[in-house]
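In: Fold the following for me, if possible:
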Amino acid sequence: MKKSRGNRKKAIFSKSKNEIKYLAIKELHETENYSIKWMCEMLNITRSAYYKWLKREIPKKELEDISLGETVNKYHDKYGGILGYRRMTIFINRNENKDYKYKRIRRIMKILDISSSIRRVRKCCTISNKNDEKAENILNRNFEASRPNEKWTSDVCEFKIPKSDKKLYLSAFIDLYDRSIVSWQISYQNNNILVFDTFDKAIEANPDAQPLFHSDRGFQYTSPAFKNKLEKQGIQQSMSRVACCLDNAVSEGLWGIFREEMYKLYDIHDEESLISAIENYINFYNYHRYQERYDSKSPIEVRFEALKTNIPKFYPIPINKRIEKYKANLAMKNPTEITSIG
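Out: Below you'll find the predicted structure:
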């Protein structure tokens, strides 16, 4: 994986109010041979206080914070800076067999001056066909599911190949129960075959699946041939409304996560490295991207556990304050638009 880049400020874990001054005196004396007496006078501190600090025994709590800071730095570099304090806590607790609280990791990350990345805006590559028939928005932004293969969503994402005018297209099917990528397919063309092959792979892996299938109004999903494939499997189709990307928010959100994290985790410089990065990131996402909503488990872990029982555990979507605020503002502007965004 690609390491994160950028300068980080020197971490200070001590609670001493003059810690910065003491560190400056120590460093300047050792590197530039500045007079300790003169520096203490300039910084308005006593020499005795400085020497007392210099000979002090570092408290156990401070040593633990220093060690934890090194671990946080290691995970920040290893995962290309994609971990916020919540996922940083989950990853460290799972992989290091610890039980740190969110607040402590957040404090350490603040001291280290590190944070997660902000997602980019995705360029839409949906191409609709006005001549084909459309399906109703049956999903209606109800993105919760009680079991695997109850609801699937799909979309196609475009990637530019570095140092080339060519593009790659990635089609993916997502299960709304565990948010796992059920199947995926890469192609140099955004066509029917791309989505059809993705569908065939999904059914091959889940032969008895009859989920509600939701997508946008891309021409692949509205084609009669694709509708026949759904009907043959006994699958009901649902489609987003016109110009309503939030109707397919899970798939749209996946591409936001995908683009932001993949380019930070892997070194992508040509066609081969791009294809390799897509394959590796999908594996990472399915098997190693632990999520707070799923009790710090990966999508595939949640899926396998659910498939082994007759009554799978229900994982409600946590309340998102930003989404609730958006819905409130939307309701004030247009009361008819009040729906579950999830």
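
In: Show me what the strand or helix carrying V182 is packed up against.
Out: With elements taken from DSSP states H and E, the one containing V182 is strand 181-187. Strand 181-187 sits against strand 167-175, helix 192-205, helix 271-288, with contacts defined as 3 or more CB pairs under 8 Å, 6 or more residues apart in numbering; DSSP states H and E. C-betas here are computed from N, CA, C, even on glycine.

In: Could you check the angle the first one makes with strand 181-187?
Out: For strand 167-175 and strand 181-187, the angle between their directions (axes from the mean of the first three to the mean of the last three CA atoms, to 10 degrees) works out to 160 degrees.

In: Verify the stated contact: Y188 with S164.
Out: No - Y188 lies out of contact with S164 (CB atoms under 8 Å); the separation is 10.9 Å.

In: What is the burial count for F173?
Out: 26 (other CB atoms under 10 Å).

In: and the angle for the strand holding V182 with helix 271-288?
Out: 180 degrees.

In: quick check, distance from strand 181-187 to the centre of its chain.
Out: With CA atoms, centre = their mean, to the nearest Å as the basis, strand 181-187 stands 18 Å off its chain's centre.

In: Which stretches in this protein count as helices?
Out: 19-32, 36-42, 47-54, 60-78, 85-96, 102-112, 192-205, 219-222, 224-233, 249-265, 271-288, 299-307, 321-333 (DSSP state H).

In: Name the stretch among those helices that sits most buried.
Out: helix 219-222 (a mean of 23; mean count of other CB atoms under 10 Å).

In: and that one, what's its mean pLDDT?
Out: In this model, helix 219-222 carries a mean pLDDT of 94.

In: That one packs against which elements?
Out: helix 192-205, strand 237-239.

In: To G84, which of the ones you listed lies closest?
Out: Closest of those to G84 is helix 192-205, at 30.4 Å (criterion: CB to CB).

In: Tell me who's in contact with S187.
Out: S187 makes contacts with L168, Y169, S171, I193, L194, D197, as judged by CB atoms under 8 Å, 6 or more residues apart in numbering.

In: now the residues you listed in a markdown table, with pLDDT and distance to I114?
Out: Output for those, formatted as a markdown table (pLDDT from 0 to 100; distance: CB to CB, whole Å):
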| residue | pLDDT | distance to I114 |
| --- | --- | --- |
| L168 | 96 | 31 |
| Y169 | 97 | 34 |
| S171 | 97 | 35 |
| I193 | 96 | 44 |
| L194 | 97 | 38 |
| D197 | 97 | 41 |
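
In: Looking at these, which is nearest P299?
Out: Looking across the contacts of S187 and measuring by CB to CB, the closest to P299 is S171, at 17.9 Å.

In: measure the residue nearest to the closest one when sequence neighbours are not counted to N191 for me?
Out: Residue nearest to S171 in three dimensions, not counting chain neighbours: T198, with 4.3 Å by CB to CB, 6 or more residues apart in numbering. The gap separating T198 from N191 is 12 Å, by CB to CB, to the nearest Å.

In: same deal with D200?
Out: Taking CB to CB, one finds D200 at 15 Å from N191.

In: wait, isn't V72 in contact with I92?
Out: Yes - counting by CB under 8 Å, V72 touches I92, with 7.3 Å between them.

In: Quickly list what's touching both of the two.
Out: Looking at what touches both V72 and I92 (by CB under 8 Å, 6+ apart), the common residues are I105.

In: among the helices and strands packed on strand 181-187, which is nearest S67?
Out: Closest among these, using CB to CB: helix 271-288, at 23.8 Å.

In: what angle do the closest one and helix 249-265 make?
Out: 120 degrees.

In: Just give me how far helix 271-288 sits from the chain centre.
Out: 14 Å.

In: and the direction of that helix versus that of helix 299-307, what angle?
Out: 40 degrees.

In: Could you list the residues in contact with helix 271-288?
Out: 159, 161-162, 164, 166, 168, 170, 172, 180-181, 184, 186, 257-258, 261-263, 265-268, 298-301.

In: at 7 Å what do you get?
Out: Here helix 271-288 makes contact (CB atoms under 7 Å, 6 or more residues apart in numbering) with 159, 161-162, 164, 168, 170, 180-181, 184, 186, 258, 261-262, 265-268, 298-300.

In: Show me what counts as buried in the strand holding V182.
Out: For strand 181-187, the neighbour count (16 or more other CB atoms under 10 Å) marks I181, V182, S183, W184, Q185, I186, S187 as buried.

In: What angle do helix 192-205 and that strand make with each other?
Out: 150 degrees.

In: Pairing partners for strand 181-187, with directions?
Out: Strand 181-187 has the following strand partners under DSSP bridges: strand 167-175 (antiparallel).

In: Work out the gap between the strand it pairs with and the centre of the chain.
Out: 16 Å.

In: which one in this protein is furthest away from the centre?
Out: Residue farthest from the centre of the chain, counting by CA atoms, centre = their mean, is K37 at 51.9 Å.

In: so how far is P224 from the closest residue to Y294 other than its chain neighbours?
Out: Of all residues not flanking Y294 in the chain, V302 sits nearest, at 4.8 Å (CB to CB, 6+ apart). Distance of V302 to P224, given as CB to CB: 35 Å.

In: Quickly list what's touching both of Y188 and S164.
Out: With CB under 7 Å, 6+ apart, Y188 and S164 have no common neighbours.

In: Many thanks, have a good one.
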